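Peer 1: After the sequence you'll find the predicted model.
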Amino acid sequence: MPLNVTPSCSATHSTVFFSSFHRCPSLRPRSGYLTALRPRSASAESDCDSLENREQVPAPASSYAGVKLKEAVEVAKSGKLRLDAWISSRIQGVSRARVQSSIRSGLVSVNGRVVDKVSHNVRAGDMVDCTISKLQPLRAEPEDIPVDIVYEDEHVLVVNKPAHMVVHPAPGNASGTLVNAILHHCSLPTVAFSEAPLSEGEEVSDNESSSSIACETSTKGFNSSECGGSVRPGIVHRLDKGTSGLLVVAKNEHSHAHLSEQFKMHTIQRVYVSLTSGVPSATSGRIEIPIGRDTNNRIRMAAIPGPSNGGQARYAASRYKVIEVLAGGSSALVEWRLETGRTHQIRAHAKYVGIPLLGDEVYGGTKNMMLSLLQAKLPPGRQSHLSELVSKLERPCLHAFSLVFIHPHTGKNVQFSCQPPEDFSQILCQLRKLGMTKVISHLLGLALTVPLCCLFLLS
C-alpha cells in the first residue's frame with residue numbers, strides 16, 4: 001500500500017533534509033538443574049541440604065533480591081561463554097545488568113572462588129554459585145554534559161539526542177544519561193512511571209517494571225513526593241541508545257500530562273530516516289505486524305505475525321517509503337512514520353521485511369552483511385573508503401528527523417526537524433557516490449532556505 005503523504009510541514013522538512021544531503025558533508029530452566037531459589041529461613045535450609053531436594057521455582061518478578069543459583073555449567077557453546085550471559089540464561093526474567101551488578105558485588109563464585117569480572121569465561125563442569133544482589137537505588141543527579149538544545153521555553157524542551165547516549169538512568173546506566181545532562185540545565189518535573197507511555201524504548205529489564213526501582217532525584221528545587229518516575233523526570237518518550245535525533249521533554253507537570261496524552265492517542269507525528277542493508281521489494285508500504293520479545297534472544301524484539309501469538313506481542317504499525325536506492329541496490333535511504341511506539345519498532349519491522357538497518361548488529365544489519373552486499377554489486381576499487389566507514393560504524397543508522405506535536409501551553413502545532421549526525425551523513429555521501437537512484441521526487445520542491453534545526457508554528 002503506498003504511503004499517503006499529506007501537504008504538511010513534515011513533508012516540507014523531509015524535502016529540506018533529502019535535498020541538503022546532496023552537499024555530502026527468556027530462556028526456560030533446564031530440567032534436572034536448580035535455577036532459582038526463594039530465600040529461606042535457617043530452619044528451612046536445614047531441612048533440605050542437598051541441591052536435588054530444593055524447590056525449583058521461577059524467579060520472582062518484582063525484586064529478584066536474594067534469588068540463588070547453584071549449578072554446574074553443562075556444555076559451553078562453541079567459543080567463549082561469558083559468566084554474566086550464562087547466569088542470565090539460567091534465571092528466568094532477570095536482567096543482564098542485574099546479574100552484572102551481582103557479580104561486581106562479589107556475590108558470584110566459580111568453583112568456590114569469588115569472581116568479580118562480568119566477562120569471566122566459564123567452561124563445562126564449572127560450578128557457579130550466585131546470589132542476586134538487592135536492587136540499588138538510582139539517583140538522577142545533574143551532570144555537566146553538553147546537550148544540543150533545539151528549542152526551549154518555560155513549558156517544553158526539544159533536544160537533539162546524540163547516538164550512544166541513554167535517555168534516563170536505569171540499572172547498568174546510572175549516570176551519563178540525557179536526563180542527567182538536562183537536570184544540569186534546568187528543573188524538571190517528577191511524575192509517576194505509569195503516567196508516561198514510553199515509545200521507541202531502550203531495553204528494560206524483562207520483568208522488572210521501572211516502577212519497582214527505588215530512586216531519588218535532584219531537580220534543582222523541584223519538590224515532589226512522588227518517587228516512581230524520578231529517574232526519568234520530564235521524559236514522555238525515548239529513543240534507543242544508538243538512535244540519534246529529536247526528543248521532547250516536559251518542563252512542568254501540566255506539559256508532561258498534555259504530551260503524555262498526545263502520545264497515548266498517537267497524535268504526535270514522528271518521522272525517522274534510516275540507511276538499510278538491501279532494498280525492500282516494494283518502494284513504500286505499511287507494516288502492521290505485532291511486536292513482542294524474541295523468544296530466542298531476550299535482548300531483542302521480534303515482529304510476530306498472526307492472531308495467536310500467545311498475548312506476548314503488542315499491536316504495531318509503521319509506514320515506510322524508499323527515498324533513494326543507493327550503491328547499486330546495496331542500500332536504501334528510507335523514511336519511516338510511526339503509528340505506534342513499540343520498543344525497537346522500526347528495527348524489528350525493518351528486519352521483518354528483509355531490510356535490517358545498516359549497522360544494526362542485533363537485528364541482522366551487520367557490517368559484514370553490508371560489506372558482502374557491496375562486494376557483490378560493485379568493483380573492488382570503488383569500495384575502499386566506504387568499507388572503512390562501515391567498519392567503524394558502532395550503531396544502527398537510524399535518526400529521529402522530525403517531530404510534530406501540539407504545544408501544551410499555546411495549543412498550536414509545532415514542528416521541529418534536525419538532520420542526522422556526521423556518521424550517518426558520511427556513509428550516505430559515500431553510498432551516493434557509488435550510485436544513487438531517486439525513487440520519489442523531493443516533496444513540494446521547496447528551496448533550501450531552512451536551517452538544519454528549526455521550529456515552525458502551524459495554524
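Peer 2: Yep, that arrived. Bear in mind the structure is a predicted one, so any value in this text is a computation, not a measurement.
Peer 1: And for residue 125, the neighbour number?
Peer 2: 11 (other CB atoms under 10 Å). Quick note: C-beta positions are derived from backbone N, CA and C, even for glycine.
Peer 1: Let me see the contact set for it.
Peer 2: Residue 125 sits next to 72-73 when contact means CB atoms under 8 Å, 6 or more residues apart in numbering.
Peer 1: Please tell me how far it sits from residue 374.
Peer 2: From residue 125 across to residue 374, the span is 44 Å (CB to CB, to the nearest Å).
Peer 1: go on, residue 156?
Peer 2: For residue 156, the distance to residue 374 - CB to CB - is 42 Å.
Peer 1: Check residue 384 too.
Peer 2: For residue 384, the distance to residue 374 - CB to CB - is 10 Å.
Peer 1: Name the residue in these two with the higher neighbour count.
Peer 2: residue 374 (21 against 8).
Peer 1: Export only the CA atoms of the helix or strand where the more buried one lies, formatted as CSV.
Peer 2: Using DSSP states H and E, residue 374 sits in helix 367-377. Provided in CSV are the C-alpha atoms of helix 367-377 (Å, rounded to 0.1, in the frame of the first residue of the first chain):
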residue,chain,number,x,y,z
LYS,A,367,28.7,-4.7,9.0
ASN,A,368,29.8,-8.0,7.4
MET,A,369,26.4,-8.2,5.7
MET,A,370,26.8,-4.7,4.2
LEU,A,371,30.3,-5.4,3.0
SER,A,372,29.1,-8.6,1.3
LEU,A,373,26.4,-6.7,-0.5
LEU,A,374,28.9,-4.1,-1.7
GLN,A,375,31.4,-6.7,-2.9
ALA,A,376,28.6,-8.5,-4.9
LYS,A,377,27.4,-5.3,-6.6
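Peer 1: Break down the stretch 151-300 of the chain into its strands, ranges please.
Peer 2: For the stretch 151-300 of the chain, the strands defined by DSSP state E, counting those that start in this stretch cover 156-161, 215-217, 244-250, 269-277, 284-288, 291-293.
Peer 1: Least reliable of the ones you listed by average pLDDT, please.
Peer 2: Mean pLDDT across those is lowest at strand 215-217; the value there is a mean of 33.
Peer 1: that older thread, quick check: which of the strands of the stretch 151-300 of the chain is nearest to residue 121?
Peer 2: Closest to residue 121 of the strands of the stretch 151-300 of the chain is strand 291-293 (CB to CB; 26.9 Å).
Peer 1: Toward the C-terminus from the closest one, list the very next helix or strand.
Peer 2: By DSSP H and E, the next helix or strand past strand 291-293 is strand 301-303.
Peer 1: Now do that next one: which elements does it pack against?
Peer 2: strand 291-293, helix 345-352 (3 or more CB pairs under 8 Å, 6 or more residues apart in numbering; DSSP states H and E).
Peer 1: Let's have those in TSV, adding distance to residue 339.
Peer 2: Listed next are the helices and strands packed on strand 301-303 as TSV, based on distance: least, CB to CB, whole Å:
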stretch	distance to residue 339
strand 291-293	12
helix 345-352	9
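Peer 1: Just name the most buried of these.
Peer 2: Of the helices and strands packed on strand 301-303, the one with the most neighbours on average (mean count of other CB atoms under 10 Å) is helix 345-352, at a mean of 26.
Peer 1: Okay, now the unreliable bits of the protein?
Peer 2: For the chain, applying pLDDT under 70 flags the ranges 1-63, 76-79, 136-139, 171, 188-233, 308-311, 378, 380-383, 441-459.
Peer 1: Strands of the stretch 301-450 of the chain, residue ranges please.
Peer 2: 301-303, 313-314, 317-326, 331-338, 398-406, 413-417, 436-438.
Peer 1: nearest to residue 186, of these?
Peer 2: Across the strands of the stretch 301-450 of the chain, closest to residue 186 is strand 413-417 (CB to CB), at 17.8 Å.
Peer 1: Parallel or antiparallel, list what pairs with that closest one.
Peer 2: strand 398-406 (antiparallel), strand 454-458 (antiparallel) (DSSP bridges).
Peer 1: Residue 100: what's it in contact with?
Peer 2: 84, 118, 172.
Peer 1: Write the ChimeraX selection for whichever of the residues you listed are buried.
Peer 2: Typed into ChimeraX, the next command selects the buried ones out of the contacts of residue 100 (criterion: 16 or more other CB atoms under 10 Å):
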select :84,118
